[in-house]
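Asker: Model the structure of this input:
(one chain, ligands or ions: 1)
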Amino acid sequence: MSFSILGTGKAVPEYVLTNDELSTMVETNDEWIRTRTGIEERRICKGETITELCVNAANEALEDAGITADQLDLIICSTMRGENLTPSQGCMIQKEIGATCPAFDVNAACSGFIYALDIADGYFVRKKAKHILIVSMDNLSNITNWKDRSTCVLFGDGGAAAVLGEGDDLLSINITANGNDVVLCIPHGENSSPFYEHESKPALLHMMGNDVYKFAVTAMPNGIRTAVEDAGLQLSDIDLVIPHQANIRIINTAAAKLDIPREKFFCNINHYGNTSSGSVPIALHEASRSGVLKKGDILALCAFGGGLTTGSCVIRWSK
Ligand code: UT7
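Answerer: Sure thing, here's the model as predicted:
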C-alpha cells in the first residue's frame, strides 16, 4: 500500500513579467524567447513571500482533499531556498497552516516534487503516515542574474501542493543524481566566517544551457521509458505526460523520441516559464482543474534539474 493523490493546490505571484518587458532589461526579444523556449510570460514575486505562496497552495490542496491540517502526519517542502536556512520551509508551512506533524525540506532542484513523492512513498509503505502534504515551491527571481540574458528569460516563481493519502495509485517511481556543479550551480553567497579561506561566490544562478539541454533530451525520454517499464506498462498505456516545463523544445524532442503523441504532453510553460520544483505539480494541478485529467487516467511525471537530478514516476489518477 502506498499513496493516492487526494487533492492539489497552486500558488503563483500576481505580477506577470512579459517577454516584451524583459526586452527592456536585457538584449533579447519576444521572438527569440518564444521560438527557443516556448515561454511568453512568467510570474515574479513582488509583494508575496515564498511562505505566503506555500501556505496558499497548501490550503487549497487540503480543501481539495477534504481534510484539515491537523490530520497531516508529515509535511515535505521541496525548494532550493526557503525563507530561512532554519526553520525549514516545511516548518514555516506547518506553523502557518496550524499542523502539528513533523516537517522538513528536500532540495533536488527541479526534480524536487518527484523526490518528495518518493520519500512520501516510504512513509506510507512503513505505515508511518495516513496523510502527507507536499509543497513544491521555488522563488528563483531572488537568485536570478538579471543581467544574463541566457538565463534570466527562462525562470519564474511559483509552485503547487499535493495532499497524499493511503492508496495504491503509485505504480512506479525512480530518482537519480549525477553530481555536477559545473553545468548548473547556485552558490550560497556570502560567508560570514572570518576564518574561512575560500572566496564566497555570489548567490546567482549560473547555467551552461546547452549542456543542460543535451542532458535533458536524453534524461526525459529515458526517465519516462524506465518508469513505464517498471510499472509493467507500455508507452501506449500512458494517457497524459506531465513533464518538467523547462523548454518546449525539450518536451517536443522527448515526445518524438518516445513516439508518444505530442498532445499527450501537458504544457503550460508559455505562462510560467521554468518554476523549478514547482513546475511539475503546477502542471498536474492545472491538468486536473482544467478537466484534461479523467478518473482512471495513467500519468507519467518526469523532471530533471540541478544536481544533476532526475525523477520520473507513473501514477493512476483516481480523484
Ligand atoms: O530546469 C532545468 C534547467 N535548465 C534547462 O532545462 C535549460 C536547458 N537549455 C535550454 O533550454 C537552452 O539551451 C537555452 C534556452 C538556455 C538556450 O537555447 P539555445 O537554442 O541552446 O541557444 P544558445 O545558447 O545556443 O544561443 C544561441 C544564440 C547565441 O548567440 P550567437 O552566439 O549564436 O550569436 C546566444 O548569445 O542566442 C543568443 N542568446 C540570446 N539571444 C536573444 C542567448 N540568450 C538569448 C536571449 N535573447 N535571451
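
Asker: Pull the number of nearby residues for Gln71.
Answerer: As a burial measure, the neighbour count of Gln71 was computed by other C-beta atoms under 10 Å and equals 16. C-beta coordinates here come from the backbone N, C-alpha and C atoms, glycine included.

Asker: Report the closest residue of the stretch 201-319 of the chain relative to the ligand.
Answerer: At 2.7 Å from the ligand, Gly209 is the closest residue in the stretch 201-319 of the chain, using C-beta to the nearest ligand atom.

Asker: Isn't that residue up against Arg149?
Answerer: No. Gly209 is beyond contact range of Arg149, at 10.9 Å (criterion: C-beta atoms under 8 Å).

Asker: what sits against the residue nearest to Gly189 when sequence neighbours are not counted?
Answerer: Spatially, and ignoring its direct neighbours in sequence, Gly189 is nearest to Ala203 (3.2 Å; C-beta to C-beta, 6 or more residues apart in numbering). If you count contacts by C-beta atoms under 8 Å, 6 or more residues apart in numbering, Ala203 has them with Ile143, Ile186, Pro187, His188, Gly189, Glu190.

Asker: what does the stretch 101-250 of the chain put close to the ligand?
Answerer: When proximity is defined by C-beta under 6 Å from any ligand atom, the stretch 101-250 of the chain lies next to the ligand at Cys110, Arg149, Ser150, Val153, Met207, Gly209, Asn210, Val212, Tyr213, Ala216, Ala246, Asn247.

Asker: Now list the buried members of those residues.
Answerer: Buried subset of those (neighbour count, 16 or more other C-beta atoms under 10 Å): Cys110, Arg149, Val153, Met207, Gly209, Val212, Tyr213, Ala216, Ala246, Asn247.

Asker: Sort out for me which of the residues of the stretch 101-250 of the chain next to the ligand are in strands.
Answerer: Met207 (DSSP state E).

Asker: Let me have the residues of the stretch 101-250 of the chain next to the ligand in CSV, adding distance to Ile134 and pLDDT as columns.
Answerer: Below are these laid out as CSV (distance: C-beta to C-beta, whole Å; pLDDT from 0 to 100):
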residue, distance to Ile134, pLDDT
Cys110, 15, 98
Arg149, 34, 97
Ser150, 31, 96
Val153, 29, 98
Met207, 26, 97
Gly209, 29, 96
Asn210, 32, 97
Val212, 25, 97
Tyr213, 28, 98
Ala216, 23, 98
Ala246, 20, 98
Asn247, 25, 98
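
Asker: Quick check: of the residues of the stretch 101-250 of the chain next to the ligand, which lies closest to Asp20?
Answerer: Of all those, Val153 has the smallest distance to Asp20: 11.6 Å, by C-beta to C-beta.

Asker: Just give the closest residue to that closest one, not the sequence neighbours.
Answerer: Sequence neighbours aside, Ile33 is the residue nearest to Val153 in space, at 5.0 Å (criterion: C-beta to C-beta, 6+ apart).

Asker: cool, and Val125?
Answerer: Among residues not flanking Val125 along the chain, Ser2 sits closest, at 6.0 Å (C-beta to C-beta, 6+ apart).

Asker: that older thread, adding distance to Ser277 as columns, could you present the buried ones among the residues of the stretch 101-250 of the chain next to the ligand in CSV?
Answerer: Below are these laid out as CSV (distance: C-beta to C-beta, whole Å):
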residue, distance to Ser277
Cys110, 6
Arg149, 24
Val153, 20
Met207, 16
Gly209, 19
Val212, 16
Tyr213, 19
Ala216, 15
Ala246, 12
Asn247, 17
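
Asker: how about the helices in the stretch 51-200 of the chain?
Answerer: If DSSP state H, counting those that start in this stretch is used as the criterion, the helices of the stretch 51-200 of the chain fall at 89-97, 112-125, 149-152.

Asker: Kindly export the second one (C-alpha atoms) in CSV.
Answerer: It refers to helix 112-125. The C-alpha trace of helix 112-125 is given here as CSV (Å, rounded to 0.1, in the frame of the first residue of the first chain):
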residue,chain,number,x,y,z
GLY,A,112,12.1,18.1,-6.1
PHE,A,113,8.4,17.2,-6.4
ILE,A,114,9.2,13.6,-7.6
TYR,A,115,11.9,13.3,-4.9
ALA,A,116,9.3,14.3,-2.3
LEU,A,117,6.8,11.7,-3.7
ASP,A,118,9.5,9.0,-3.4
ILE,A,119,10.2,10.0,0.2
ALA,A,120,6.4,10.0,0.9
ASP,A,121,6.1,6.6,-0.6
GLY,A,122,8.5,5.2,2.0
TYR,A,123,6.4,6.7,4.9
PHE,A,124,3.2,5.1,3.5
VAL,A,125,4.9,1.7,3.0
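
Asker: angle of that helix against helix 89-97?
Answerer: What separates the directions of helix 112-125 and helix 89-97 is an angle of 80 degrees, with axes from the mean of the first three to the mean of the last three C-alpha atoms, to 10 degrees.

Asker: Give me the buried positions along helix 112-125.
Answerer: Under the neighbour-count criterion of 16+ other C-beta under 10 Å, helix 112-125 has Gly112, Phe113, Ile114, Tyr115, Ala116, Leu117, Asp118, Ile119, Ala120, Asp121, Tyr123, Phe124 buried.
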